[in-house]
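**Student:** Need coordinates for the following:
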Amino acid sequence: MDFELRIVEAEAGRGSHEAPLSEIERSLGTLSRLLSYPDNHYLQLVELLYLIVQSPLPEAAKRISEFGCFVEQCNEFDLEEAYTRTFDVNPACALEIGWHLFGEDYMRGQFLVRMREELAKYDIAESGELPDHLTHVLPVIASMPEEEAQQFSHACVFPALHKMQVALDKCESPYRHLIRCLVQVLESHFGESEPWGENDEKLLSCAKEYPGQNGPRPPGMDDPLRSFPMPGQSCGSKIELVPLQMQYKSSGLEVGRSK
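**Tutor:** You can find the predicted model right below:
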């Protein structure tokens, strides 16, 4: 059964043959639906997410309440137009995390390949969106073992979300509340993230000085998305695959993070 549809069916009392959904599955599944193109269940999903996070994450619930006020004021056309204007027209707010991590660098293609493998690994059906779209990424996180999900979130997801947050705050988009809620949900499970800053932009623009885009990775830290070509190498058949040098931040121990 499709990951996202299980969320709605479980809340409606159907799908009793399925194992009960965990809190993170319910949260990320509902957020994934809300980051999809709006449908006629959109307001119901906002209300559902509010109920899910109200008790454990009151600050996130406030964000969803703000977003819900916006949704209530929109008709179907207005909501679709707002979604398209926010995410499909403005690259700074794109929902594809690989775009925020790699831009037009060919490593984006390698990242897409790795994400498609993760989707297949967890039997997550692909939609018409690219594999690194948040509507694919969130079900992958919910399906991963906890340690791997934590590493992936800090290495790839938080940096992209923080870049999106800056752009959404700048244009005062109502979707800023939804993305901030997502950050708070992920942090509640995988530890506090670091905000995007000026130094992060410098790291991404200095591939020679900072190999692997982020500098050296601490020994023994596994890349959650396996191996990627390094910047500057050709994509020929003899390409040497080496670990993408991501940096992580684990709970209780500061070991860096990726961009």
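
**Student:** alpha carbons only for contacts and neighbour counts from here, please
**Tutor:** OK.

**Student:** helix, strand or coil for residue 193?
**Tutor:** Three-state assignment for residue 193 (DSSP: H, G, I helix; E, B strand; the rest coil): coil.

**Student:** That one reaches residue 154, doesn't it?
**Tutor:** Yes. If you go by Cα atoms under 8 Å, residue 193 and residue 154 touch, sitting 6.8 Å apart.

**Student:** ok, the two, which is more surrounded?
**Tutor:** Set residue 193 next to residue 154 and count neighbours by other Cα atoms under 10 Å: residue 154 wins out with 27 against 19.

**Student:** So, low pLDDT: which residues of the stretch 51-200 of the chain?
**Tutor:** Scanning the stretch 51-200 of the chain for pLDDT under 70 picks out 196-200.

**Student:** Which parts of it are helices?
**Tutor:** 58-73, 76-83, 97-102, 107-121, 134-143, 146-152, 158-170, 175-190, 198-205 (DSSP state H, counting those that start in this stretch).

**Student:** can the ones you listed go into JSON lines with extra columns for distance to residue 49 and mean neighbour count?
**Tutor:** Below are these laid out as JSON lines (distance: least, Cα to Cα, whole Å; neighbours: other Cα atoms under 10 Å):
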{"stretch": "helix 58-73", "distance to residue 49": "7", "mean neighbour count": "18"}
{"stretch": "helix 76-83", "distance to residue 49": "18", "mean neighbour count": "14"}
{"stretch": "helix 97-102", "distance to residue 49": "22", "mean neighbour count": "22"}
{"stretch": "helix 107-121", "distance to residue 49": "24", "mean neighbour count": "17"}
{"stretch": "helix 134-143", "distance to residue 49": "15", "mean neighbour count": "23"}
{"stretch": "helix 146-152", "distance to residue 49": "21", "mean neighbour count": "19"}
{"stretch": "helix 158-170", "distance to residue 49": "19", "mean neighbour count": "21"}
{"stretch": "helix 175-190", "distance to residue 49": "10", "mean neighbour count": "20"}
{"stretch": "helix 198-205", "distance to residue 49": "32", "mean neighbour count": "13"}
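
**Student:** Can you check which of the ones you listed gets nearest to residue 46?
**Tutor:** helix 58-73 (6.1 Å; Cα to Cα).

**Student:** thinking again about what came up before, residue 31 is nearest to which of the helices of the stretch 51-200 of the chain?
**Tutor:** helix 175-190 (7.1 Å).

**Student:** Pull the closest one out as CSV, backbone CA atoms only.
**Tutor:** What follows is helix 175-190, C-alpha atoms only, in CSV (Å, rounded to 0.1, in the frame of the first residue of the first chain):
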residue,chain,number,x,y,z
TYR,A,175,4.5,27.6,3.4
ARG,A,176,7.3,28.8,5.7
HIS,A,177,5.2,27.5,8.6
LEU,A,178,5.0,24.1,7.0
ILE,A,179,8.7,23.7,6.4
ARG,A,180,9.5,25.0,9.9
CYS,A,181,7.1,22.4,11.3
LEU,A,182,8.9,19.7,9.2
VAL,A,183,12.3,20.8,10.7
GLN,A,184,10.9,20.7,14.2
VAL,A,185,9.5,17.2,13.6
LEU,A,186,12.8,15.9,12.3
GLU,A,187,14.8,17.6,15.1
SER,A,188,12.5,16.0,17.7
HIS,A,189,13.6,12.5,16.4
PHE,A,190,17.1,13.1,15.2
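
**Student:** re earlier: turn the helices of the stretch 51-200 of the chain into CSV, including distance to residue 37.
**Tutor:** Below are the helices of the stretch 51-200 of the chain laid out as CSV (distance: least, Cα to Cα, whole Å):
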stretch, distance to residue 37
helix 58-73, 13
helix 76-83, 7
helix 97-102, 17
helix 107-121, 20
helix 134-143, 10
helix 146-152, 25
helix 158-170, 17
helix 175-190, 13
helix 198-205, 30
